[in-house]
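Asker: structure, please.
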Amino acid sequence: MSALPSLGFAGIGLMGLPMCRRLLAAGYPLTVWNRNPDKCAPLVAAGARQVATPAQLCEQADLVLLCLANTEVVREVVFGVEGIAQGARGGQLLLDLSSLEPTATREMAADLARETGMAWVDAPVSGGTPGAEAGSLAIMAGGEAADIERVRPVLLALGQRVTHMGAVGAGQVTKACNQMIVACNALVIAEVVALAERSGVDARLIAEALAGGFADSKPLQILAPQMAQSQFEPVKWHVRTLLKDLDGAVKFSREQGSATPISGLAAQLMRLHGGQGYLEQDPATLVRLYREPASED
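Answerer: Next up, the predicted model:
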């Protein structure tokens, strides 16, 4: 049996930390980097090797994985001073698990291949921190077929399913579609909970009552009880992430000449909520857009 490939990983956040724990548990040699180096400590204690720059991730890694906040951060980590491009070499592969703008992904992939010979696979994920911890993420991938097959075993240590959606950037297009559905769903769930509360219905029972019907969804089962009980901590994901993804989806739709009026409105509502101090809060707080202040505990 051949040895497992050596992995580098940049971005030890809400998603990156449980992902790395799963990779270590699966036996992969792992080197990690994070802008805040202290966040790597639990992984080093579990057997990972820590480096000081993104470029150093390439020294021993066959595959370099990213799980970073947005397009600008990925561009800096890949092409900035002491970035991955400074240490990359032909034959290595970059596997980006972040949620980015599709057009920028295609441009960066072309630049990286031209400058270093390092190929790019975009493989954004859906399922949140519970999915990352359980290894049940849904993963949508863009890239060359041979590159997808090369990374598939690694991805299956993180998720339940990997779907090859097309060329580089296709994974990000699919993730944009995913986030449009999730964010619009979250806003409607907030409206539903607030309406039930105003009309004297026990909103805590909404998810149970609708389970298995056409209105059911994972966001409904997760968010509706949290909203009804004003359970906003611990923060499992961020309003700013949904806003970033909605803005990216609307921007991409304009580039493609495709109408997305519902997602455009959702982005403005999410921006309104974020502007009221909720950017770093859980999307369950969206219910506060529709509640009267007096209804809060």
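Asker: looking at the chain, which residue reaches furthest from the middle?
Answerer: What lies farthest from the middle of the chain is G200; by CA atoms, centre = their mean that is 36.6 Å.
Asker: and the longest helix seen in the chain, how far out from the chain middle?
Answerer: Looking across the chain with DSSP state H, the single longest helix is helix 170-198. Centre-to-centre, helix 170-198 and its host chain are 15 Å apart (CA atoms, centre = their mean, to the nearest Å).
Asker: which stretches of the protein have low pLDDT?
Answerer: Under the criterion pLDDT under 70, the flagged ranges of the chain are 1-2, 294-297.
Asker: returning to that earlier point: who's in contact with the residue farthest from the centre of the chain?
Answerer: Contact criterion CB atoms under 8 Å, 6 or more residues apart in numbering gives no residues in contact with G200. Quick note: C-beta positions are derived from backbone N, CA and C, even for glycine.
Asker: in the stretch 151-297 of the chain, which spans are helices?
Answerer: 170-198, 206-210, 218-228, 239-256, 261-273 (DSSP state H, counting those that start in this stretch).
Asker: nearest to P42, of these?
Answerer: helix 239-256 (22.3 Å; CB to CB).
Asker: quick one, that closest one and helix 261-273 angle?
Answerer: Interaxial angle, helix 239-256 versus helix 261-273 (axes from the mean of the first three to the mean of the last three CA atoms, to 10 degrees): 150 degrees.
Asker: packing partners for helix 239-256?
Answerer: In terms of contacts (3 or more CB pairs under 8 Å, 6 or more residues apart in numbering; DSSP states H and E), helix 239-256 is packed against helix 102-116, helix 170-198, helix 261-273.
Asker: mind redoing it with 6 Å?
Answerer: Helices and strands touching helix 239-256, by 3 or more CB pairs under 6 Å, 6 or more residues apart in numbering; DSSP states H and E, are helix 170-198, helix 261-273.
Asker: flag every buried residue along that helix.
Answerer: For helix 239-256, a neighbour-count test (16 or more other CB atoms under 10 Å) marks 239-253 as buried.
Asker: how is the chain divided into domains?
Answerer: For the chain, automatic domain parsing gives the domain ranges 7-167, 173-295.
Asker: most tightly packed of those?
Answerer: Counting by mean count of other CB atoms under 10 Å, domain 7-167 has the highest mean neighbour count of the domains of the chain, with a mean of 19.
Asker: start and end of that one, how far apart?
Answerer: This stretch, domain 7-167, spans 23 Å end to end (CA to CA, to the nearest Å).
Asker: contacting residues around stretch 34-50?
Answerer: Stretch 34-50 is contacted from outside by 12, 20, 24, 30-32, using CB atoms under 6 Å, 6 or more residues apart in numbering.
Asker: ah, wrong one, I meant stretch 170-183
Answerer: 99-100, 102, 105, 122-124, 126, 140-142, 165, 219, 242, 245-246, 249, 252, 263, 266.
Asker: try it again at 8 Å.
Answerer: Taking CB under 8 Å, 6+ apart as the rule, stretch 170-183 contacts 99-102, 105, 121-126, 140-143, 163, 165, 219, 242, 245-246, 248-249, 252, 260, 262-263, 266-267, 270, 283.
Asker: what do you get for stretch 66-86?
Answerer: Here stretch 66-86 has contacts from 9-11, 13, 15-16, 19, 53-58, 64, 94-101, 104-105, 108, 111-112, 115-116, 118, 241, 244, 248, using CB under 8 Å, 6+ apart.
Asker: can I get that stretch in CSV, CA atoms only?
Answerer: The C-alpha trace of stretch 66-86 is given here as CSV (Å, rounded to 0.1, in the frame of the first residue of the first chain):
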residue,chain,number,x,y,z
LEU,A,66,-6.6,26.3,2.0
CYS,A,67,-9.6,27.2,4.1
LEU,A,68,-9.6,31.0,4.3
ALA,A,69,-12.0,33.8,4.8
ASN,A,70,-12.4,35.4,1.3
THR,A,71,-10.9,36.0,-2.1
GLU,A,72,-8.6,38.8,-0.9
VAL,A,73,-7.1,36.6,1.8
VAL,A,74,-6.5,33.7,-0.6
ARG,A,75,-4.8,36.0,-3.1
GLU,A,76,-2.5,37.3,-0.3
VAL,A,77,-1.7,33.9,1.0
VAL,A,78,-1.0,32.5,-2.4
PHE,A,79,0.7,35.4,-4.2
GLY,A,80,1.9,37.7,-1.4
VAL,A,81,5.3,38.0,0.2
GLU,A,82,6.4,34.5,1.4
GLY,A,83,3.1,33.2,-0.1
ILE,A,84,2.5,29.7,-1.5
ALA,A,85,3.6,30.8,-5.0
GLN,A,86,7.1,31.5,-3.6
